[in-house]
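no FASTA, just this:
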């Protein structure tokens, strides 16, 4: 099956083939993945290299935390892509973004304040989970709206932490 995967505004052509093989932009990879204990944590083995990723749905996209970086990922098959292209003026660039916790954890820092202008990639919240500190970064430039948590708050997966307008 063929998909178009968009990560941080860059598109990749992905074809899922049989026997754990995936073709990404013409490069074939051997991939194996499993959910860890039914949690949104995935153990990945790509061409013999091991990775751990936190994956959770976020509106029409997926949030993927890998190596402490948060990625907004959109996956579309060819039909979905044509439908989206036919939609007029989605206005996504101007839409409010809700930063949600990709996993349960403890808020250890919020280096921004309400009304502050932020750049794409700027750290919004530092979340500790499984003894690791994860920097949750802004996927777009904008203004910090409502901050819905405080330092020291325990949060659940998918809980909205703050908004960027």
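All right, it came through fine. For clarity, every value in this text was computed on a predicted model and none was experimentally measured. Numbering: from 1, shown residues only.

in contact with residue 13, which residues?
Neighbour list for residue 13: 2-4, 24-26 [criterion: CB atoms under 8 Å, 6 or more residues apart in numbering]. Glycine gets a C-beta too; all of them are placed from N, C-alpha and C.

now with 7 Å?
Counting by CB atoms under 7 Å, 6 or more residues apart in numbering, residue 13 makes contact with 4, 25.

and it, which helix or strand is it part of?
According to DSSP states H and E, residue 13 maps onto strand 10-16.

note down every partner strand of that strand and its orientation.
The strands beside strand 10-16 in its sheet (DSSP bridges) come out as strand 2-7 (antiparallel), strand 21-24 (antiparallel).

would a markdown table of those with distance to residue 15 and mean neighbour count be doable?
Formatted as a markdown table, the strands paired with strand 10-16 follow (distance: least, CB to CB, whole Å; neighbours: other CB atoms under 10 Å):
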| stretch | distance to residue 15 | mean neighbour count |
| --- | --- | --- |
| strand 2-7 | 5 | 15 |
| strand 21-24 | 4 | 14 |
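
could you dump the ones you listed into a markdown table and include mean pLDDT and distance to residue 110?
Conversion of the strands paired with strand 10-16 to a markdown table gives the following (pLDDT from 0 to 100; distance: least, CB to CB, whole Å):
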| stretch | mean pLDDT | distance to residue 110 |
| --- | --- | --- |
| strand 2-7 | 89 | 25 |
| strand 21-24 | 92 | 35 |
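
quick one: buried residues of the strand holding residue 13?
Judged by neighbour count using 16 or more other CB atoms under 10 Å, the buried positions of strand 10-16 are residue 14.

and for residue 109, the neighbour number?
By the criterion of other CB atoms under 10 Å, residue 109 has 14 neighbours.

could you check how far the closest residue to it other than its chain neighbours is from residue 134?
With sequence-adjacent residues excluded and distances taken as CB to CB, 6 or more residues apart in numbering, residue 109 is closest to residue 126, at 4.1 Å. Distance, residue 126 to residue 134, using CB to CB, to the nearest Å: 7 Å.

ok so, going back, wait, the residue nearest to residue 109 sits on residue 106?
No: applying CB atoms under 7 Å, one finds residue 126 not in contact with residue 106, separated by 9.7 Å.

neighbour-wise, which of these two wins?
Just comparing residue 126 and residue 106: by other CB under 10 Å the higher neighbour count belongs to residue 126, 18 against 14.
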